[in-house]
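1. sequence below, structure please.
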Amino acid sequence: MSNEFTFAIKSTCFDEDYRPAGNTRITTNFANLARGTTRQENLRNTLKMIDNRFNALAHWDNPKGDRYSVNLEIISVEMSFDGENSDSALPVIEILKTSVVDRKTNERIEGIVGNNFSSYVRDYDFSVVLPEHAKTQPGLSTPEDFGELHGKLFKCFVNSSTYKENFSKPPVICLSVSSSKTYHRTENQHPVLGVEYLQDEYSLTDEYFKKMGMKVRYFMPANSAAPLAFYFSGDLLGDYTNLELISTISTMDTFQKIYRPEIYNANSAAGQSYQPSLKHQDYSLTRIVYDREERSRLAVEQGKYAEEHFIKPYRAILEQWSANYSI
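-> Presented below is the predicted three-dimensional model:
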């Protein structure tokens, strides 16, 4: 068997008619929103929140606040070992691609790929490897090679011909800031991303994304309650247009208001020095139903699935590939 990987991409439209496929990663936040009796109302309200947020940020030449609409595609990435048949393809990553419809010009504008990030191997690292490590070596340490394989798999995908044929720019992932760190407001302000925050030390997630080849900056856009963490590989401020950046902010700020209302739907905004907390009580709920406890439980289940179907059976190949991989 060859030690090279090939990638295949599948795209699913995320709209109010979205129904998760049988093989969808069930921890994916989109799938959580799209289940149950309120699924269509959930999706409709989520998409309306995204559009409203986009138009509020892209307010120039937009007097009625309804010029733009954001379209979303779920990008599912499957990986195969060269020489194996496609039936053995493993679903490794799910990300989100934005595009923007300008109703004034009838133009469709490319957005950003990345945004939300979901990964079987990351579930394995955080929900299987870390808890096991903590049992034997309590404290804040992580295993020596923590995140190495995942980081190399991600870099391999982003540098692959498959990625380059489908996407014109590197990905930007936008996540919640860490509740274990304190963030400090700076004087730097971007017209779209908003006020920049800095922190004293990187979080575990920041370090994990660093192994994926991504840097991080924290910005709080106008009328947001807290900074967002933006992970990128090039120049966040120079490589992307204002509308591209707004497509990511509007999408992920909306998702975070649903997922983490204690932080992102708080009734007061972050100040000069800010430590996020999921125990914060002064916040508002959206009208969208989201099962956070289920999300955590399924992350463990899918981490174990990755261990059983990917890590264990291919351990020798993965270790050899990881040891030899370089870009």
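
2. now the helices for the stretch 151-300 of the chain?
-> In the stretch 151-300 of the chain, the helices defined using DSSP state H, counting those that start in this stretch lie at 161-166, 204-210, 242-259, 261-264, 292-306.

3. need those in CSV with mean neighbour count and distance to Asp51, can you?
-> All C-beta atoms are positioned from the backbone trio N, CA, C, and that covers glycine. Converted to CSV, the helices of the stretch 151-300 of the chain look like this (neighbours: other Cβ atoms under 10 Å; distance: least, Cβ to Cβ, whole Å):
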stretch, mean neighbour count, distance to Asp51
helix 161-166, 13, 25
helix 204-210, 19, 28
helix 242-259, 24, 8
helix 261-264, 21, 18
helix 292-306, 16, 24
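
4. for Ala56, which of the ones you listed is the nearest?
-> Ranking the helices of the stretch 151-300 of the chain by distance to Ala56, with Cβ to Cβ as the measure, places helix 242-259 first at 8.2 Å.

5. excluding its backbone neighbours, what's nearest the spatially most central residue of the chain?
-> Centre of the chain computed as the mean C-alpha position; nearest residue by Cα atoms, centre = their mean is Asn116, 2.3 Å away. Closest residue in space to Asn116, ignoring its immediate chain neighbours: Leu96 at 4.5 Å, by Cβ to Cβ, 6 or more residues apart in numbering.

6. hmm, Phe14 and that neighbour touching each other?
-> Yes. Leu96 lies in contact with Phe14 (Cβ atoms under 8 Å); the separation is 7.3 Å.

7. in the chain, which helix or strand is least confident?
-> Considering only helices and strands, the least confidently modelled element of the chain by mean pLDDT, DSSP states H and E is helix 29-33, at a mean of 65.

8. so after it, what's the next helix or strand?
-> Using DSSP states H and E, the next helix or strand after helix 29-33 towards the C-terminus is helix 39-57.

9. next SSE after that next one?
-> Going down the chain from helix 39-57, the next helix or strand is strand 68-81, by DSSP H and E.

10. so what are the sheet partners of the very next helix or strand once past that next one and their directions?
-> Downstream of strand 68-81, the next assigned helix or strand under DSSP H and E is strand 90-102. Counting by DSSP bridges, the strands paired with strand 90-102 are strand 68-81 (antiparallel), strand 107-119 (antiparallel).

11. now the angle from the first one to helix 39-57?
-> Following axes from the mean of the first three to the mean of the last three Cα atoms, to 10 degrees, one obtains 120 degrees for the angle between strand 68-81 and helix 39-57.

12. now the residue nearest to the centre of the chain: how far from Ala225?
-> Taking Cβ to Cβ, to the nearest Å as the criterion, Asn116 is separated from Ala225 by 19 Å.

13. check Ala56 too.
-> Here the criterion is Cβ to Cβ. By it, Ala56 lies 14 Å from Ala225.
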